[in-house]
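Engineer: The following block contains a protein sequence and its predicted model.
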Amino acid sequence: MPALVPRRGRASKPALVALGLAACAGAQAAPGAAGRWEGVADIPGRPLRLVVDLDRDAQGRWEGSAILPGRGVKGARLDALAVGDCDVRFALTAAFPGGDALKPQLALACQADGSLAGTLALGGRSTAVSLHRSGAAQVDRPAPSSVLSPALTGRWTGRYELGGVPREVALTLANRDGLGGGQLVIVGKRTTTLAVDQVTQGREFVMLRASAADFRIEGRFSPDEGVIDGGIAQGPFEAAIVLHRQAAGEKAS
Amino acid sequence: MSARPLHSIALAALLALASSAVSAQEMFRGDAAHHGTAATAAPRAFHRVRWTFPTGGRVVSSAVWHDGAVLFGSDDGNIYAVDASTGRQRWMTHTGGPVASTPAVSGDRVFAVSYDGRLYALDVRSGEVLWKFATEGERRFEAKGLHGMQPRTQTFADMYDVYLSSPLVVDGKVVFGSGDGHVYAVDAASGRLAWKFATGDVVHASPAYADGLVVIGSWDGRLYALDAATGMQHWAFQAGVDPLVHNQQGFQSSAAIADGVVYVGCRDGHLYAVDLRTGAPKWNVDTEGSWVNSSPGVAQGRVYFATSDTARYHVVDAATGRPAQAPGSTQAYVFGSPTIAGDTVLLGVLNGSLQARDRADGHVLWEFRTEAAKANRDWVLAADGRFNSGLLFASSWGDVSAEGARRQESVGSFYATPLVADGAVFIGSADSNVYAIE
């Protein structure tokens, strides 16, 4: 079985030279598991197309993402990714609704013809998967949170109504470890506190996401007026909201 | 004068020409009047697939060109910019619903409509969201007993209402139709509403523009001409309606405007030519009850379009509507629109075939078929390339019909319209791929 990753510490000097030359040849040489892999999982009666991108990040760690054509999935992160000499394993939790319960896992091994073959386990069942290399990797990386401008950091308050029930919102935004994030407190019939783990600050538009509840706030950001004018969204539910920036020490009205 | 400066001048002129040519392909149908013409020639023979770009969903959106990239939407909810040479993704921006509209580029911005009911304005270089404009919400055309589906008292969403309106950018405004029944004009810079016009039903056709008028059809069976500055109605042309099963009704086709005449297909089984100034009918082509969802292309006194059920490719005289060529068979339904590229006309077919035809006589020069069409699982296609309707539609009960329509697309239907640029043809498929073919 050919190895996906060259074994370390065993190569002779000429072999190392040859490897070096191969590396110099650049992208023409297939760098182990790195690449775009396409194929099918043989789910009976409904073959599941898979496109898997595997690559190393800037620190040399393996990373990857998946596309499920026809299932609306583009760039789903691969979890628990392990790439060995001749095997690749990962979970595809992000690619399936209810993925936590279904526990979708792929276990693949390299084949003599250069393909990867193995199994997809999903919801307690298992089926064969075969992937062939179709090109260079195009890993979709989640966009990091923006570094927030001083005009956006701080405390914001607003109100929205959903299903006839008013909710008061208090949003606190800050840069932590160089990236924007914060906390969202929603007070309606009960009080919900959510971590804001994704903030995208554009020139004119701000998008915030609390991924644990898939709760989003977005809107036009007017720094001079201290206003975010937009809406909240959670699944199919949407409502308008205007958030006002609170001056330091100011209490929400 | 030495040969070198001459060569350089010629090269510079060619590059300038190429640059201006491709810049015209920055919106649906290539330009504001929707002529459907490409300024560069298409391949006269199939050589190879330059690249295939997989997305997560059906690609109904047509690709447009900007700065060496193709931009398009996918039903996976994303708007993409992909390098035309390499097929590598430049950026991807997520929306809240399928992006079944074709983007429009204007200046440093790209605009597209999503099924989340919003018009998006993005930075064309990075995909950064600049603003969103919310309509009253998207929906498909729907009717009781639609297409004869049963039970006849049940309201069904139209599974063939596949497109969203593709924006037009004119005089600093982004104009588009919505499933909420309105035509909107939104300031391109700020995203603020400029005007909106209420029609009687879903508007998923795309607006065309000429001489100060926006022309767009609605599922209410009317074609409207609106003042582009104010949104005031200039005229309305009433096409056929079908109160029984609503099958022979509605404008899914987008208009093309040339020399003061509006050309548009209709689901009432006609292609119409209407006077741009007055809305008065000039002539029509009766397609024997077959939908004309295809948006016509117009060039040099000829109108090019295709039909759905009768599966025909038509070329007619723009002045009279009389056939300029004998109609050709497309094998299967056509919803997409012809792209006229030099001496070639390209057309996507719902059976997963992209056809290149000789413009002069209409014969098929080459054909590209998706792998799904070749595999033809479940015998979706008959041996002659038509849909195996008897196998697909076991009954007229609603869910069975909807499932049949979904199975039709499994061969990689081409709903999109081909983009011709950079020596290649770019087109998305219901198999979730976008293809670059040369």
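Structural biologist: Right, received. Where do you want to start?
Engineer: Okay, residue B:298 and residue B:420: tell me how far apart.
Structural biologist: To residue B:420, residue B:298 is 16 Å away according to C-beta to C-beta, to the nearest Å. Placement of C-beta: from N, CA and C, glycine included.
Engineer: So for these two, which residue has more residues nearby?
Structural biologist: Taking neighbours as other C-beta atoms under 10 Å in any protein chain shown, residue B:298 and residue B:420 compare with residue B:420 leading, 28 against 23.
Engineer: Identify the residues contacting that one.
Structural biologist: B:25, B:38, B:40-42, B:339, B:341, B:346, B:426 (C-beta atoms under 8 Å, 6 or more residues apart in numbering or on different chains).
Engineer: A strand includes residue B:91, no?
Structural biologist: Yes. Applying DSSP: H, G, I helix; E, B strand; the rest coil, one finds residue B:91 inside a strand.
Engineer: What residues are bridge-paired with it?
Structural biologist: Beta bridges link residue B:91 to residue B:81, judged by DSSP bridges.
Engineer: and it, how many neighbours does it have?
Structural biologist: Counted with other C-beta under 10 Å, residues neighbouring residue B:91 total 19.
Engineer: these two touch, right, it and residue B:124?
Structural biologist: No. Residue B:91 lies out of contact with residue B:124 (C-beta atoms under 8 Å); the separation is 9.4 Å.
Engineer: Need the residues touching each of those two.
Structural biologist: With C-beta under 8 Å, 6+ apart, residue B:91 and residue B:124 have common neighbours residue B:81.
Engineer: who's in contact with residue A:130?
Structural biologist: A:39-40, A:115-117.
Engineer: Write a ChimeraX command that selects only the buried members of those.
Structural biologist: Filtering the contacts of residue A:130 down to the buried ones (16 or more other C-beta atoms under 10 Å in any protein chain shown) takes a single ChimeraX command:
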select /A:39,116
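Engineer: Could you dump the contacts of residue A:130 into CSV and include secondary structure and pLDDT?
Structural biologist: Formatted as CSV, the contacts of residue A:130 follow (DSSP: H, G, I helix; E, B strand; the rest coil; pLDDT from 0 to 100):
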residue, secondary structure, pLDDT
A:39, strand, 98
A:40, strand, 97
A:115, coil, 96
A:116, strand, 97
A:117, strand, 97
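Engineer: Including distance to chain B, could the contacts of residue A:130 go into CSV?
Structural biologist: Formatted as CSV, the contacts of residue A:130 follow (distance: C-beta to the nearest C-beta, whole Å):
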residue, distance to chain B
A:39, 12
A:40, 11
A:115, 17
A:116, 17
A:117, 20
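Engineer: and which of the contacts of residue A:130 is nearest to residue B:388?
Structural biologist: Nearest to residue B:388 among the contacts of residue A:130: residue A:40, at 23.2 Å, using C-beta to C-beta.
Engineer: and that closest one, what is it in contact with?
Structural biologist: With C-beta under 8 Å, 6+ apart, residue A:40 has these contacts: A:47-50, A:129-130.
Engineer: how about those in JSON lines, adding distance to residue B:413, pLDDT and secondary structure?
Structural biologist: Below are those laid out as JSON lines (distance: C-beta to C-beta, whole Å; pLDDT from 0 to 100; DSSP: H, G, I helix; E, B strand; the rest coil):
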{"residue": "A:47", "distance to residue B:413": "18", "pLDDT": "94", "secondary structure": "coil"}
{"residue": "A:48", "distance to residue B:413": "20", "pLDDT": "97", "secondary structure": "strand"}
{"residue": "A:49", "distance to residue B:413": "16", "pLDDT": "97", "secondary structure": "strand"}
{"residue": "A:50", "distance to residue B:413": "22", "pLDDT": "98", "secondary structure": "strand"}
{"residue": "A:129", "distance to residue B:413": "27", "pLDDT": "98", "secondary structure": "strand"}
{"residue": "A:130", "distance to residue B:413": "26", "pLDDT": "98", "secondary structure": "strand"}
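Engineer: so how far is residue A:141 from whichever residue of the stretch 201-350 of chain B sits closest to chain A?
Structural biologist: In the stretch 201-350 of chain B, the residue that lies nearest chain A is residue B:350 (16.1 Å; C-beta to the nearest C-beta). Separation of residue B:350 from residue A:141 (C-beta to C-beta) stands at 36 Å.
Engineer: Between those two, which is the more surrounded one?
Structural biologist: Between residue B:350 and residue A:141, residue B:350 has the larger neighbour count (other C-beta under 10 Å), namely 26 against 11.
Engineer: Strands of the stretch 201-350 of chain B, start to end?
Structural biologist: B:208-210, B:213-217, B:222-227, B:233-238, B:256-258, B:261-266, B:270-275, B:281-286, B:297-299, B:302-306, B:312-317, B:328-329, B:339-341, B:344-349 (DSSP state E, counting those that start in this stretch).
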